[in-house]
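Engineer: here are the coordinates; sequence isn't available:
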């Protein structure tokens, strides 16, 4: 098998992957969605894995069951740790169904974020989401993603180098 043939075999899957018409991302680590009472309530954090004592952005979205953003929806938010209220964000009218809150988690652990959607009839719809705050995991997670991206390239390069050396050794043996 020629090296040109090997290269073309490696590039075909890559090109087909790039030509795919649609792609779907995985759900973020500290994110989730909950469907209740005709609402789709979603939450995520930025960065994906917040560290203690740094600013984390909590992104909240309220939509209808079809995923259409709701206009002028009243959203409240509470942060709890070990069933103890840590912070309460007062009910606020979200003009486009999105609420963004910056918060500093002071210590690692599992927090519960309760999102309340206030209906015009006075009733409230609530959803709970777990958020993990871990010191070391962020570095380990990022390292594993980088390693997972680099390792296939290293393996392919190692195979190519090995085959080239074997080919040179074979040619030297035949010339002697």
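Structural biologist: Yep, it's here. Computed from a predicted model, the values in this text were never measured in an experiment.
Engineer: so where is this structure shaky, pLDDT-wise?
Structural biologist: Applying pLDDT under 70 to the chain flags residues 1-30, 136-140, 172-173, 175-176.
Engineer: Show me the domain layout of it.
Structural biologist: Domain assignment for the chain by automatic domain parsing gives 31-135, 136-176.
Engineer: Deepest-packed of those, please.
Structural biologist: Mean neighbour count (mean count of other C-beta atoms under 10 Å) peaks for domain 31-135 among these, with a mean of 16. Where C-beta positions appear, they are placed from N, C-alpha and C, glycine not excepted.
Engineer: quick one: the helices in the chain?
Structural biologist: Along the chain, counting by DSSP state H, helices occupy 3-18, 137-175.
Engineer: packing partners for the longest one?
Structural biologist: For helix 137-175, the contact count by 3 or more C-beta pairs under 8 Å, 6 or more residues apart in numbering; DSSP states H and E identifies helix 3-18 as packing neighbours.
Engineer: from memory residue 52 sits against residue 132, does it?
Structural biologist: No - using C-beta atoms under 8 Å, residue 52 is not in contact with residue 132; the gap is 11.3 Å.
Engineer: how close does residue 145 sit to residue 87?
Structural biologist: Separation of residue 145 from residue 87 (C-beta to C-beta, to the nearest Å): 30 Å.
Engineer: go on, residue 150?
Structural biologist: Using C-beta to C-beta, residue 150 is found at 40 Å from residue 87.
Engineer: what does residue 130 give?
Structural biologist: 16 Å.
Engineer: Grab the nearest non-local neighbour of residue 59.
Structural biologist: Spatially, and ignoring its direct neighbours in sequence, residue 59 is nearest to residue 44 (4.7 Å; C-beta to C-beta, 6 or more residues apart in numbering).
Engineer: if I read this right, the one you found contacts residue 31, doesn't it?
Structural biologist: Yes - at 3.7 Å, residue 44 counts as touching residue 31 under the criterion of C-beta under 8 Å.
Engineer: Overlap in contacts, these two.
Structural biologist: Counting by C-beta atoms under 8 Å, 6 or more residues apart in numbering, no residue touches both residue 44 and residue 31.
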